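1. The sequence and its predicted three-dimensional model are supplied below.
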Amino acid sequence: MGRYILFRAAASVPVLLGITIIVFFILSMIPGDPATAILGSYATPENVARLNAQLGLDRPLVQRYFIWLGNLLHGDLGRSFSLNRPVIDEILERFNATVILSGLAFLICSVFGVAAGVISAIRQYGVLDKLITLTVLIGISVPSFFLGMMMILYFAVSLRWFPVSGMYALYGGGDLPDLISHLVMPATALAVVATGVVARMSRSAMLEVLRLDFIRTARAKGVRESRVVLRHALRHAIVSILPILGLQAGFVLSGAVYIEIVFQWPGIGRMLVDAILTRDIMLVQGGVLFVAACYVLFNIVVDVAQIWLDPRLGR
Amino acid sequence: MMPLARRIVRNRLAAFGAGLLLTVTCLCLATPFLGLVDPNIINTADRFTMPFDEGYILGADHLGRDILSRLLWGTRLSLAVGLTAALIAALAGSLIGIAAGFFGGRVDALLMRSVDVLMAFPYILLALAIVAVLGPGLMNALIAVAVVNVPFFARNVRGMTLVIARSDFIAAARLSGRGNLSLLLFEVLPNLWAVIIVAFSTTVGWMILETAGLSFLGLGSQPPQSDLGSMLGEARAALITNPHTSLIPGLMIFVIVMGINLLGDGMRDALDPRLSKGGLQRSRPVTEIDRSKPPAPSRQPGLHLSGLCTEFRVGSSPLLAVRNVTLGLAPGECLAIVGESGSGKSVTALSVMGLVASPPAVITAGTVSYGGRDLLAQTYDVLRGLRGHRIAYIFQDPLNSLHPMLTVGEQLTEAMQSHEAGLSSDRLRERATKLLEDVRIANPAHVLASYPHMLSGGMRQRISIAMALANDPDVIIADEPTTALDVTVQAQVLKILDRLRREKGVGLVFISHDLNVVAQISDRIAVMYAGQIVENGPSRDVLDDPAHPYTRALLACSPQIGMAAGLPKPIGGSLPPADNLPAGCTFAARCSLASKACRALPVDLVISDEREVRCIKWEPAHG
């Protein structure tokens, strides 16, 4: 097991390197001269040259990549032009908010998605199955940003159950209940699509497993049907549901960009959009890299969980 | 393509989706001819006019622009951009996938590693990075969304290309000297359409949603040009005061994406038969029973089947798997059911405890009597209480019939716990160890902690036997328990079964296609053919003096050591189709003795003393 984790971690090093290459080179393809962009109307040739030297932009691209990579390994992602602070500080601060939001959304989609899929499968073609299938269909078709807006209108404005936006109340908030009341709507809106996808996949995974021979053996032993479903079938189906959950983590992180905008959530997604609009390239670079790396690491965890659950793989 | 279209229309949801899309598309195509006001004319006096007010069908937005006109023009733009992005992604992804799959080797490695790296990004991040480089704008959003979806196509297409490129017909075409280009165009590409269409239908909805999303963020279409996403984005500022300006474009996106998803699901069902109905059906905990006036249960001890009929309801005519089977098993007796695959012997055995997968199986007639009760009339709870407790099963393939992710110990103790509550873990362990010792497993402690895949086939089958014995049942039904094993292991397993039967007095139903195996263990032999019993009698009689031509043929085709009669003779022909059985004797088509009379009428089972034979040529020896 320990060896597998090491192996899996080592195998993801090339992927991480690939990510740094893509992020660096894509963002260095930006037309125009960053120094000119930063200096704006002060872009005299002397100033541009000085800033370029200061930023190391006068060196060849490949050399700049390795310098950048070296800094990266020291946790230095450069400095944000627009915020005038180190990128890594800003990211870490924002990342907290994104992890809280996406984490809850991921939890919702895993628990409710799998539960809905299991119920749907054991009630195949029944009323409950049809109801779930229909809900799932609507869920995966509605744009999360639109859903978020409608939730604000109904649950925050009409019913006044939750605050309209933000992460904490401006005055007097800051405790856990305050956070939760701010978190419920965005996390739900973010989770809806992923929950639908997980429910669909879990349903078909369960249906497939319920046809296998060992299910018949369990029934022939006289095992209670509830136990057949939960212990025998689900235990087996989870292994094929796990990679789907890994993929959903990516969808949740992606959807967080919209949800953070709609709900004014101070996370990385909103930071990235703002950074693109203000052309703060260092911030975009750092943010994209950081989130992509987290996603890769998360998928290692998913793979390890799969090995741990299925004794036939590895060990 | 015609049958595909018909299948989609038959699926009501898919047809509904197609209808939605068709309506939206027609509206889009007709937009320039509808005489709508210019979508960009600003009329501040009419800001936030409500729908159906003063000449505005859908109202006006925050600048007093006509929402209906903006909606239709915006939908046109969104659809055009989304579809274009999807086409670009499909084209680029397919090219990469084909190249990787067809040429393999280094090309494949290089392309697929790059694709892997692209897939390692949560996809919107990549799109954001691309937009960051190219700058906000609809065209750039289109490119970003297309690029992000390339890996999905590349992967799917590569997988299928690989399958095709390795297939025999490509090898044959290569040998005939055809070039790569001709192979690609005329052999590979035609087989890829289904994959590409399925991938397209799964992603096009996403791509429309994603371009709308980028516009919503202000990174896509820039004013005055506007698509659905930017309409929604602009309306958001007035969400609370004037929700209709947000609601209208949002609902339109929803309708389009739902239409695409519905149609896409229908297309996938039609193109991928494995996922269509019937292919993936949950089996119920008990076989469905649909019978009228069953005979009263027998009061004799043991297990008795009378007039049992089981059919599979698939397609238009049901497959009659078991037809009017009557069998009896006295306590402690060993009854063998013999026949070739498809003869209905396993279905007969599984019907006893309602274990035939249903749907599609239905038990349509007969009774199964045990202890004076009709098992087919029992509730699920009663039946469950008997399963594995009084009547236990051993299945053919011990690798697939044991749970791969539970230890042997967990599976053994579960068999006990299902029928006896409150056993301590020590007691469970002790009993499980004893069970393993009973089936001659040398190191029970180690085996209990093992998973099935770690053990040998013979070991696994002993565990299945131990599991069947867990509750000291009266009857064990063993469905080809030795078929998957090699000959030496077969002999060991047979020996264990025979010993346990004699020591514990268990009634054994032993199902096999091999008369040699059966000869070693059974007291009686029932031979099945095409769902019916064709011969039934004491083992010695059946083996020494087979009465039915099919039994004789079976004996002739099983090799025996020391038999001088030469090579085994296979039976010519095959079983009649279960949904189209002949009127007369079902074996007539393969029988050397068959005459006109055999084919005319159904043949009844002739009973004489201890023997039953279903053949008009049979003359019971009297006296």
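-> Sure thing, it's come through.

2. how about low-confidence regions in the stretch 1-150 of chain A?
-> Residues of the stretch 1-150 of chain A meeting the criterion pLDDT under 70: A:31-34, A:37-38.

3. Mind doing that once more with 80?
-> Scanning the stretch 1-150 of chain A for pLDDT under 80 picks out A:1-4, A:27-43, A:51-59, A:81.

4. Tell me the residues of it that contact chain B?
-> For the stretch 1-150 of chain A, the contact set with chain B under CB under 8 Å from any CB of the partner chain comprises A:14-15, A:18-19, A:21-23, A:26-27, A:29-30, A:121-122, A:124, A:137-138, A:140-143, A:145-146, A:149-150. C-beta coordinates here come from the backbone N, C-alpha and C atoms, glycine included.

5. Just the buried residues out of those, in PyMOL syntax.
-> Buried residues among the residues of the stretch 1-150 of chain A next to chain B (16 or more other CB atoms under 10 Å in any protein chain shown), as a PyMOL selection:
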select buried, chain A and resi 15+18+19+22+23+26+27+30+121+122+124+137+140+141+142+143+145+146+149+150
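
6. Just the ones of the residues of the stretch 1-150 of chain A next to chain B in helices?
-> Applying DSSP state H to the residues of the stretch 1-150 of chain A next to chain B, the entries found in helices are A:14-15, A:18-19, A:21-23, A:26-27, A:121-122, A:137-138, A:140-141, A:145-146, A:149-150.

7. Contact partners for B:Leu406?
-> A:Arg231, A:His232, A:Arg235, B:Glu414, B:Tyr451 (CB atoms under 8 Å, 6 or more residues apart in numbering or on different chains).

8. Quick one: the strands in the chain, in order.
-> Just going to use chain A. Using DSSP state E, the strands of chain A run over residues A:79-80, A:85-86.

9. I was thinking of chain B, sorry if that wasn't clear
-> In chain B, the strands defined using DSSP E lie at B:288-289, B:303-312, B:319-329, B:334-338, B:361-370, B:373-374, B:391-394, B:475-479, B:507-512, B:524-529, B:532-538, B:606-608, B:611-613.

10. how about the longest helix anywhere in chain B: buried residues?
-> Criterion DSSP H: the longest helix present in chain B is helix B:67-103. Residues B:67-79, B:81-82, B:84-86, B:88-90, B:92-94, B:96-102 are the ones in helix B:67-103 that count as buried (16+ other CB under 10 Å).

11. and that helix, what other elements does it pack with?
-> helix B:12-30, helix B:105-119, helix B:138-165, helix B:189-216, helix B:228-235, helix B:244-271 (3 or more CB pairs under 8 Å, 6 or more residues apart in numbering or on different chains; DSSP states H and E).

12. Buried deepest among the ones you listed, which one?
-> Greatest average neighbour count among the helices and strands packed on helix B:67-103 goes to helix B:228-235 (a mean of 28), per mean count of other CB atoms under 10 Å in any protein chain shown.

13. Off-centre distance for it?
-> Remark: helix B:228-235 is offset 44 Å from the chain centroid, using CA atoms, centre = their mean, to the nearest Å.

14. Is chain A within reach of it?
-> Yes: with CB under 8 Å from any CB as the criterion, chain A is reached by helix B:228-235 at B:Leu232.
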